[in-house]
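I'll drop the sequence and a predicted model, then ask my questions.
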Amino acid sequence: MMKNKWSKISIGLAAVLGLASTGYYIGSEQKGFAAENPISAMTAQTNVSKEEAEKIASEKTNKTVEEVELEVNAKGEKLYQVEFLEEAEHDDEIYINADTGKVLTQETMQKNIKITEEQAKEAAVKKAAGTVTEIELDEEAGQYYYDIEIVQKNGQDVDIEISAETGEVLHLDND
């Protein structure tokens, strides 16, 4: 009876330790965009209110604002993502810096791209050796990044996001 009790306790402890180590690994490997963490955006203090951001966006574009959402990017910048009713395509959305009120358009954000596709591939392969099967320039929370898929020699797929501004690894996901 005593042996059975200790077996159950050991299995329970092993399960708890396994979950804890998995959580630590995920947290350490996946910096990701803070915009993926809604708590960061919800608790962020801002100098510009949501209503002020909506007014700034409306005046800047002469369009009707449909939605304003606060996001925090990987650099810690608090930005309001503004979408319009008249929006025809993704390029029409803008961001308002929640601290300064400065308007960021897709055009102004693209000027911050300093890393080439080739440099992003090199950085990704250094982090996860293998063959790049796909690369795409994308934008989230006012920051451009390369979304890169790699297949390693063991067949494992790895998805890496590399900042198009700095070349830093923003996110790493091993399938």
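Sure, I can see it. Residues are numbered from 1 along each chain as shown.

please parse the protein into its domains.
Following the assignment in automatic domain parsing, the chain carries domains at 38-110, 112-174.

and the ones you listed, which one averages the lowest pLDDT?
Lowest mean pLDDT within the domains of the chain: domain 38-110, a mean of 84.

just the strands in this protein please.
65-72, 78-84, 94-97, 103-104, 131-140, 143-151, 157-163, 169-174 (DSSP state E).

C-alpha coordinates for the fifth one, CSV please?
These are the backbone C-alpha positions of strand 131-140, laid out as CSV (Å, rounded to 0.1, in the frame of the first residue of the first chain):
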residue,chain,number,x,y,z
THR,A,131,16.7,24.8,-45.2
VAL,A,132,14.5,27.9,-45.6
THR,A,133,11.3,26.8,-47.3
GLU,A,134,9.3,30.0,-47.0
ILE,A,135,10.0,33.7,-46.2
GLU,A,136,7.4,36.5,-46.0
LEU,A,137,7.7,40.1,-44.9
ASP,A,138,4.8,40.9,-42.5
GLU,A,139,3.8,43.6,-40.1
GLU,A,140,2.3,43.4,-36.6
